[in-house]
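Engineer: just coords:
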């Protein structure tokens, strides 16, 4: 828009006038202060809701894309299960956990996956695999159908030094 900077300047000036007017303690301006509360607060709530919805949609899209890239499968029914905070030395990663029970496509075979060779494993066998101790914790939480959780895992080398589940230290 050619005139967008003028629209932005006008809206900014209008907001400054409203802020100034609502900060004056005058009974004459009371209707204006009340009107601002009835108009701007719901408007702000609506903008926040739209922003949250867009963020969640983008996060889901990113997770779906990553699952497809790493496995070759397109998830058609899935749910968010938790958030991992993985701390290893000076590196921190945030990992969103999802489980899926429906998908389309064929799983990548052989060494085509950068994460290693993919294979289906029975849930009952996961704990027997040579995996990190923290992985055993979140796989157990998933198996127990624990509600959405936050799990922080802190490692020193290959040793799990701390695990915090929903704000409570468990290791």
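Structural biologist: In hand now; what should we look at? Since the model is a prediction, treat every value here as computed from it, not as a measurement.

Engineer: find the nearest non-adjacent residue to residue 85, please.
Structural biologist: Residue nearest to residue 85 in three dimensions, not counting chain neighbours: residue 152, with 4.2 Å by Cβ to Cβ, 6 or more residues apart in numbering. C-beta: built from backbone N, CA, C; applies to glycine.

Engineer: walk me through which strands the helix or strand that neighbour falls within pairs with, and which way each runs.
Structural biologist: For residue 152, the host element (DSSP states H and E) is strand 149-156. Here strand 149-156 has these sheet partners by DSSP bridges: strand 74-88 (parallel), strand 159-165 (antiparallel).

Engineer: for the residue nearest to residue 85, what are its contacts?
Structural biologist: For residue 152, the contacting residues are 84-85, 87, 162-164, by Cβ atoms under 8 Å, 6 or more residues apart in numbering.

Engineer: scan the helices and strands of this structure for the one with the lowest mean pLDDT.
Structural biologist: Lowest on mean pLDDT, DSSP states H and E among the helices and strands of the chain sits helix 30-71, with a mean of 66.

Engineer: mind giving me the PyMOL command for buried ones among the contacts of residue 152?
Structural biologist: A single PyMOL command selects the buried members of these (16 or more other Cβ atoms under 10 Å):
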select buried, resi 84+163
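
Engineer: sorry, back to before: and the residue nearest to residue 85, bridged to which residues?
Structural biologist: residue 85, residue 164.

Engineer: now residue 153. Nearest residue, chain neighbours left out?
Structural biologist: Leaving aside its chain neighbours, residue 153 sits nearest to residue 134 (3.6 Å; criterion: Cβ to Cβ, 6+ apart).

Engineer: quick check, pLDDT for that neighbour.
Structural biologist: Note on residue 134: pLDDT of 96.

Engineer: helix, strand or coil for it?
Structural biologist: Here residue 134 is helix, with the state taken from DSSP: H, G, I helix; E, B strand; the rest coil.
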